[in-house]
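[1] No sequence on hand, only this structure:
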């Protein structure tokens with residue numbers, strides 16, 4: 001009877017502790033079934049210094065558009081599994097401009113891809129009939145560091161990427177990650193901006209940092225237990241087994 005009592009007591013304490021720790025692990029804890037949350041809709045990616053842009057011009061007369069599609073100089077390098085390959089595009093210089101064929105210097109920093117397309121269409125309409133401008137970011141990437149499965153820099157092929165997308169690309173958070181204090185670092189207009197998000201509550205979807213800008217850095221802190229204990233968690237099953245045996249022995253002695 002005494003042995004069973006101590007075992008029940010021990011495992012009850014263990015499971016209660018596990019339930020308590022779940023509050024620090026589960027995402028979006030305040031969400032109920034069928035809840036609807038309106039995420040921030042005023043989202044747009046703006047062009048920054050050192051961005052690499054692909055700009056393709058077309059129109060009704062294909063030959064007339066040729067001077068505006070001169071071969072772009074390889075200005076950046078992308079590291080791939082097969083080594084390095086040159087990326088070709090228009091590099092935004094330190095003054096926030098690109099040097100476009102025929103048109104010359106065009107100020108692009110601080111505006112969106114769509115806004116730049118409209119500006120170029122207006123300028124090109126003097127030379128082309130019904131110009132079409134297609135623009136893409138070639139070096140859109142985000143960096144995820146800290147307590148994630150696969151930290152590193154990730155190239156993004158869509159300009160609409162959320163912090164959850166980025167964490168998913170990095171293999172999700174480790175069990176010892178601090179989900180209530182995720183740091184996002186961003187550079188805007190020459191200044192560093194910092195924000196901290198609590199992923200356990202749904203309010204972070206309304207943050208201007210929910211959707212990421214190119215070159216954003218996400219840092220996930222370890223919990224205090226991770227810092228103090230290191231990899232001690234790997235030995236937890238053995239510790240629990242030893243404690244259970246010890247409790248049983250003490251119970252036998254008392255009996």
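    On my side now, so go ahead. Everything quoted here is computed from the prediction, not taken from an experiment. Residues are numbered from 1 along each chain as shown.
[2] Now residue 94. Nearest residue, chain neighbours left out?
    Distances taken as CB to CB, 6 or more residues apart in numbering place residue 49 nearest to residue 94, at 5.8 Å, with adjacent residues excluded. For every residue, glycine as well, the C-beta is placed using N, CA and C.
[3] so what's the one you found up against?
    92, 93, 94, 96, 109 (CB atoms under 8 Å, 6 or more residues apart in numbering).
[4] Narrow those to just the buried residues.
    92, 96, 109 (16 or more other CB atoms under 10 Å).
[5] Just the ones of these in helices?
    In helices, judged by DSSP state H, none of these are found.
[6] Which one of those is nearest to residue 159?
    Nearest to residue 159 among the buried ones among the contacts of residue 49 is residue 92, at 15.0 Å by CB to CB.
[7] contacting residues around that closest one?
    Contacts of residue 92 (CB under 8 Å, 6+ apart): 47, 48, 49, 50, 51, 52, 53, 98, 108, 109.
[8] If you go by neighbour count, which of those are buried?
    47, 48, 49, 51, 52, 53, 98, 108, 109.
[9] Format these as a markdown table; extra columns: secondary structure and pLDDT.
    Formatted as a markdown table, the buried ones among the contacts of residue 92 follow (DSSP: H, G, I helix; E, B strand; the rest coil; pLDDT from 0 to 100):
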| residue | secondary structure | pLDDT |
| --- | --- | --- |
| 47 | coil | 92 |
| 48 | coil | 89 |
| 49 | coil | 89 |
| 51 | coil | 92 |
| 52 | strand | 92 |
| 53 | strand | 93 |
| 98 | strand | 95 |
| 108 | coil | 96 |
| 109 | coil | 92 |
